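Asks: Generate a structure from the sequence data that follows.
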Amino acid sequence: MKKPNILLITSDQQHFDTIGAFNPEISTPNLDRLVREGTTFQRAYCPNPTCTPSRSSIITGMYPSQHGAWTLGTKLSEDKQQTVGQVLRDNGYRTALVGKAHFQPTRSTEEYPSLESLPLLQDIDFWKNYNQPFYGFERIELLRNHTNEYLVGQHYVAWLEEKSFSDWKQYYMAPTGTMDPSIQYTWGIPEEYHYNSFIAEKTNELLETYHKQEENFFLWASFPDPHPPYLVPEPWASMYDPDQLTIPELVPGEHDRNPPHFKKTQEPEPDFTDLAETGFGIHGYHTHIIPEEDRKKLVANYYGMVSFMDKYIGSILDKLDELGMADDTLIVFTTDHGHFFGQHGLQYKGGFHYEDLIKLPFIVRYPGQIPAQRESQALQSLVDLAPTFLSFANVSIPALMSGEDQKQVWLNHQEKKRDHVLCEFRHEPTTIHQKTYVDERYKITIYYRQTYGEIFDLREDPKELNNLWDHPDYQVLQKELLLKYAWAELHKEQMPMPRISHA
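Replies: This is a model prediction of the structure:
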């Protein structure tokens, strides 16, 4: 088989049920096109429901507990990791990342310097002249902010200045910008200067370069939306009527059998001081109570952000067609983790391993190779991307990559490769530390030094309303799942050397 080009397109914090082909309340014509022309895997999962760990797993093919960037605020080591981009570069591929990276923290120390840290992140002269490789990507065009966040900088602001957009600071928060923090939902930034436009433009420029040079490429177009804050330009801000959308909400009593932190989120002022081991915030450990009108507006705005991003994904797909490269390019669309917008009474993300947060949209397209208009229930994980990309490129997979090679499953030559997936969430080793095992039917979540946990029967209880952990009729099942989880944890420790003799 001819080596394909590889195009990875990702969103950030996108709920799995926000593709128009499967949800008639949202419009995503370009993602729908990928659904028609490729295979959708309906059971894909992240290895961690936060950005840095999950994104680091994408490029290393390893779990967060293996590659070391185990939570937000940690750093993926540049020296100790073998990345998919580096392996592909060593085998003749051009490699690039456009958009959000987030492999490093926004704070830097002498021992752990961070290229993505403040104030370097906002040193535009530095980024205008930066041309060094980054985690195996020979070319990067980065941005770090979500909508109007104060983290705006890097190549994106250099691009804004090149466009002579002198008013860009009024659309961003202090200290760099001057935007009124009370503005909600509608973002006044002109669409042509939004980072979606930046990502599509830079991605398409690289596609043209690779086409002219007739070289294979691995290109990651990494969109920061629809991650909150909820802000989007018109007409996307008013595209959806909040009163016409299905707004998820808490089912009364559903947290009665869950671990205590679930129920606390439904209190106006919950007390999480027992978990405050460090001064760093913990995603999700706060009140999730939001007024009904705001909940509805947030969903409408979130959908608008998805539809807006979809337009620029379409621009990239159109460029592939224009250049005649579509048939030679393997495309994967997915996200780094999911999102809550009312499901189970929760908002955003945190230590709650419901399907809404750990399951992902996941579409693969490779014309003539991967079946079109197909849906599959074969389990997938983001740790599988790196080894699978290398397999399609006919490149040897490093032994330390823990992910599964899904090539034969994607080609529909094999029904499945996995019988389980693992997901980790860790704030500190002795506070929030949980792990989840998911198989074809059941899900079990365990917590560090706790007797509580969660078991859900995803076949009989797909909305995860009935925690079976303490149910007397399911104690045998609990033991079976705990043993399966224990074996899965041991199995992911890969041995780097092959056995070549008896003794």
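Asks: give me the low-pLDDT residue ranges for this protein?
Replies: Residues of the chain that meet the criterion pLDDT under 70 lie in 1, 80, 275-281, 429-430, 493-503.
Asks: quick one: the helices in it?
Replies: Using DSSP state H, the helices of the chain run over residues 29-37, 51-60, 64-67, 84-90, 124-128, 154-162, 195-213, 260-264, 292-323, 355-358, 385-392, 407-410, 475-491.
Asks: Just put the ones you listed in CSV and tack on distance to residue 449 and mean neighbour count.
Replies: Bear in mind the C-beta positions are built from the backbone N, C-alpha and C, glycine included. Formatted as CSV, the helices of the chain follow (distance: least, C-beta to C-beta, whole Å; neighbours: other C-beta atoms under 10 Å):
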stretch, distance to residue 449, mean neighbour count
helix 29-37, 42, 19
helix 51-60, 21, 28
helix 64-67, 17, 22
helix 84-90, 35, 22
helix 124-128, 44, 15
helix 154-162, 40, 20
helix 195-213, 42, 19
helix 260-264, 14, 18
helix 292-323, 35, 20
helix 355-358, 22, 25
helix 385-392, 33, 24
helix 407-410, 37, 22
helix 475-491, 15, 14
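Asks: need those helices in CSV with distance to residue 117, can you?
Replies: Output for those, formatted as CSV (distance: least, C-beta to C-beta, whole Å):
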stretch, distance to residue 117
helix 29-37, 33
helix 51-60, 13
helix 64-67, 19
helix 84-90, 21
helix 124-128, 12
helix 154-162, 11
helix 195-213, 20
helix 260-264, 31
helix 292-323, 26
helix 355-358, 27
helix 385-392, 25
helix 407-410, 37
helix 475-491, 33
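Asks: separation between residue 377 and residue 117?
Replies: Note on residue 377: its distance to residue 117, by C-beta to C-beta, to the nearest Å, is 42 Å.
Asks: So for these two, which residue has more residues nearby?
Replies: Higher neighbour count among residue 377 and residue 117: residue 117, with 18 against 10, using other C-beta atoms under 10 Å.
Asks: Look up how far residue 483 lies from that one.
Replies: Computed as C-beta to C-beta, the residue 117 to residue 483 distance reads 43 Å.
Asks: re the thing from before, for residue 231, find the nearest of the helices of the chain.
Replies: helix 292-323 (7.4 Å; C-beta to C-beta).
Asks: and the closest one, what does it pack onto?
Replies: Packing partners of helix 292-323 (3 or more C-beta pairs under 8 Å, 6 or more residues apart in numbering; DSSP states H and E): strand 5-11, helix 29-37, helix 195-213, strand 231-232, strand 329-335, strand 340-341.
Asks: Of all those, which one is nearest residue 477?
Replies: Of the helices and strands packed on helix 292-323, the one closest to residue 477 (C-beta to C-beta) turns out to be strand 340-341, at 26.8 Å.
Asks: For the residue nearest in space to the middle of the chain, give its distance to residue 318.
Replies: Nearest to the geometric centre of the chain sits residue 336, at 0.6 Å (C-alpha atoms, centre = their mean). Distance, residue 336 to residue 318, by C-beta to C-beta: 25 Å.
Asks: Show me what stretch 201-213 is in contact with.
Replies: 5, 94, 96, 98, 139, 141, 155, 159, 216-217, 219, 221, 315-316, 319-320, 323-325 (C-beta atoms under 8 Å, 6 or more residues apart in numbering).
Asks: got the contact list for residue 382?
Replies: 44, 45, 46, 47, 54, 57, 58, 334, 336, 360, 403.
Asks: nearest residue to the last one other than its sequence neighbours?
Replies: Computed as C-beta to C-beta, 6 or more residues apart in numbering, the closest residue to residue 403 that is not its neighbour in sequence is residue 383, at 3.6 Å.
Asks: Of the helices and strands packed on helix 292-323, which is nearest residue 364?
Replies: strand 329-335 (5.2 Å).
Asks: Mind listing the strands that closest one pairs with, and their directions?
Replies: Under the criterion DSSP bridges, strand 329-335 sits next to strand 5-11 (parallel), strand 363-365 (antiparallel) in its sheet.
Asks: next one: the first one to chain centre, how far?
Replies: Between the centre of strand 5-11 and the centre of its host chain there is 12 Å, according to C-alpha atoms, centre = their mean, to the nearest Å.
Asks: and if you look at stretch 35-54?
Replies: Worked out by C-alpha atoms, centre = their mean, stretch 35-54 lies 7 Å from the chain centre.
Asks: Quick one: end-to-end distance for stretch 455-469.
Replies: Taking C-alpha to C-alpha, to the nearest Å, stretch 455-469 runs 5 Å from one end to the other.
Asks: Please enumerate residues in contact with it?
Replies: 251, 254, 257-258, 344, 354-355, 438, 441-445, 452-454, 474, 477-478, 481.
Asks: just the buried members of those residues?
Replies: Among those, the ones that count as buried by 16 or more other C-beta atoms under 10 Å are 254, 257-258, 344, 354-355, 438, 442-445, 452-454, 474, 478, 481.
Asks: show me what contacts residue 477?
Replies: Residues in contact with residue 477 (C-beta under 8 Å, 6+ apart) are 442, 455, 468.
Asks: cool, residue 227 as well?
Replies: Going by C-beta under 8 Å, 6+ apart, residue 227 touches 12, 13, 146.
Asks: Which of the contacts of stretch 455-469 fall in strands?
Replies: Counting by DSSP state E, these place 438, 442, 443, 444, 445, 453, 454 in strands.
Asks: Residue 367 against residue 37, yeah?
Replies: Yes. In terms of C-beta atoms under 8 Å, residue 367 counts as a neighbour of residue 37; the distance is 6.8 Å.
Asks: First-to-last residue distance for stretch 399-408?
Replies: 19 Å.
Asks: For residue 96, give me its contacts.
Replies: Residue 96 neighbours (C-beta under 8 Å, 6+ apart): 137, 138, 139, 140, 141, 206, 217, 218, 219, 220.
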